[in-house]
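In: What shape does this take:
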Amino acid sequence: MSESAQALPASSARGIAERTSLGILVAISISHMLNDLMQSVIPAIYPILKTEFALSFGQIGLIQLAFQLTASILQPVVGIYTDKHPQPFSLAVGMGVTLCGLLMVSMANTYPMLLVAVALIGMGSSIFHPEASRVARMASGGRHGFAQSLFQVGGNFGSAIGPLLAAVIVLARGQSSVAWFSLVALAGAMILTRVGFWYRDHQRERKKANIAPVVQTLSRKVVVRSILILAVLIFSKFFYMAALTSYYTFYLIETFNVSVKDAQIYLFVFLAAVAAGTIAGGPIGDRFGRKFVMWFSILGVLPFTLLLPHASLGWTIALSIVIGFILSSAFPAIIVYAQELVPGKVGLVSGLFFGFAFGMGGIGAAALGELADWTSITFVFQICAFLPVLGLLTAFLPNIRKPRPA
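Out: Presented below is the predicted three-dimensional model:
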C-alpha cells in the first residue's frame, strides 16, 4: 500500500490537529499554577528550616541545589522518554511525587531526609513540565503560541501566590504545616487525571487516523546552531529577570529609600506586568511570527533596561512595567519556535528549555547576589542592562515555515 493511501487524508488530519480544547488548556494552566505554587513554597520557608535544623547558609544552598538539580536536569530525560513512549497519566504521577515530597518536608527531622524531600518535589516538577507542554500543544488547535502563553501564565501566578501562602500558613504555624500544601498536590493530581484521560483518547484518535508524521527540511547544522542561539536568548532573558525578581526590592530600598511594604507592592506590579506579557507573547507570535516576538522582546527591551538604572522612582516603576511586559513575551515564542525547529520532539524540547530556563534563573540569582556583595545592587542593574544586546543573535535564526506532512 502506498504512503498516501496509508496516511489520513489532509482534510481529516487537519480536522483533528486543529481541534482546540479550551477546557484542557485551562486545566493544564491551572495545574501549572498549582505545581509552581508548591515549588515556590520551598525557598519561602528557608528561614524556618534554618532555625529548626540550625543550618548554615551553605546547607541552605545544598537544599536549593538538590531541588534545582532534580527540577531542571531531569526534565530533558523525561522529555526524551515520553517522546518515544507517551505517558498520559504521568502528569498525575508527577503531582503524586510532589505530594510525597511535601509530606516528607513537613515530617523531616534530619537534614538528609530534608534533602530527599525537596529532591522529590523537584522530581515531580520535572515529570510535569515536558508532558504538560506537550498537552498544551496537542490541545492548541494550531494556536500554539496562545496555548503556550496560557500554560505558562499559570506558572507565573503560582510562583507569585506561593510565597504569600507560605507566609500566611507556614511562617505562622511552623514546618509541620507544609503538609497542608499536599492538598494542593492532591487537587492537581485529580485535575491531571482527567487531563490524562483526554490525552489517552486523543492519542488513540490520532493513531486510528494514521496521521502522517511531519518533516523538517533544515539541516542538522542549522538546527544545532539555532538551538544554541535560543539557549543564549534564554540566558539573557532569565539572568535579567533574576535581577529584577530577586533584587528589585533591595534596589528600590537602597536607591530611593522606600519602605519594605512599598517595595513589595512595586514588585507585585512588576510581576503582574510579567504575567500580562506572557499572555500576550504567544498570540502575537501566532499572528506575526516567532522571530518577530523574539526580536521585539529581547532586543526591543534594551532602551528601557539601559534607562532604568538612571531613572527617578516614578520612571523606575514605569520602566519596570514596560520591561516586565516586553521581556516576558519572549518565552512562549521561544518554546513554540524550538518545537517547530525540532518537529516530533515536543517532550525533549520542552524539557530542555524549561529545565534550562529554571536553571538559569537559579544560577542568575546566586551569581548576581555574589556580584552585589562585591560591588552594589546598582552596579548589578547597570551591568544587566546590556544583556538584551544578545537579542541581536535572533538575526541568525532561520525563518521556519509550518512543517508539511511527510
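In: Quick check: I127 touching G96?
Out: No. Checked against Cβ atoms under 8 Å, the pair I127 and G96 is beyond contact range at 9.3 Å. From N, CA and C alone the C-beta is placed, and that goes for glycine too.
In: quick one, which of these two is more surrounded?
Out: Under the criterion of other Cβ atoms under 10 Å, the comparison of I127 against G96 puts I127 first, with 26 against 18.
In: Sort out which residues of the helix or strand hosting that one are buried, please.
Out: Using DSSP states H and E, the element containing I127 is helix 111-138. Neighbour counts over helix 111-138 (16 or more other Cβ atoms under 10 Å) mark 114-115, 117-138 as buried.
In: and A357, what does it touch?
Out: 234, 238, 331 (Cβ atoms under 8 Å, 6 or more residues apart in numbering).
In: For the residue nearest to the last one when sequence neighbours are not counted, report the pLDDT, please.
Out: Just to be clear, that refers to F331. Distances taken as Cβ to Cβ, 6 or more residues apart in numbering place Q152 nearest to F331, at 6.4 Å, with adjacent residues excluded. We note a pLDDT of 86 for Q152 in this prediction.
In: wait, Q152 sits on A280?
Out: No. Under the criterion of Cβ under 8 Å, Q152 makes no contact with A280, lying 11.5 Å away.
In: Looking at these two, which one has more neighbours?
Out: Per other Cβ under 10 Å, whichever of Q152 and A280 has more neighbours is Q152, with 24 against 20.
In: re earlier: which element, helix or strand, includes the residue nearest to F331?
Out: Using DSSP H and E, the element containing Q152 is helix 144-173.
In: Please, where are all the strands along the protein?
Out: Taking DSSP state E, the strands of the chain run over residues 214-215, 404-405.
In: Could the C-alpha coordinates of stretch 86-103 be exported in CSV?
Out: Below are the C-alpha coordinates for stretch 86-103, written out as CSV (Å, rounded to 0.1, in the frame of the first residue of the first chain):
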residue,chain,number,x,y,z
PRO,A,86,3.8,8.8,25.7
GLN,A,87,2.5,8.5,29.2
PRO,A,88,-0.9,10.2,29.5
PHE,A,89,-1.1,9.7,33.3
SER,A,90,2.5,10.7,34.1
LEU,A,91,1.2,14.2,34.8
ALA,A,92,-0.9,12.9,37.7
VAL,A,93,2.0,10.7,38.8
GLY,A,94,4.3,13.8,38.9
MET,A,95,1.8,15.5,41.2
GLY,A,96,1.8,12.4,43.4
VAL,A,97,5.6,12.6,43.7
THR,A,98,5.4,16.2,44.7
LEU,A,99,2.7,15.3,47.3
CYS,A,100,5.1,12.8,48.8
GLY,A,101,7.9,15.4,48.9
LEU,A,102,5.7,17.9,50.7
LEU,A,103,4.6,15.4,53.3
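In: Which positions within that stretch qualify as buried?
Out: 86-103.
In: Residues contacting stretch 30-41, please?
Out: For stretch 30-41, the surrounding residues in contact (Cβ under 8 Å, 6+ apart) are 71, 91, 94-95, 98, 102, 121-122, 124-125, 128-129, 132, 151-152, 154-163, 165-166, 170, 178, 181, 184-185, 187-188, 191-192, 195.
In: and that stretch, how far out from the chain's middle?
Out: Between the centre of stretch 30-41 and the centre of its host chain there is 11 Å, according to Cα atoms, centre = their mean, to the nearest Å.
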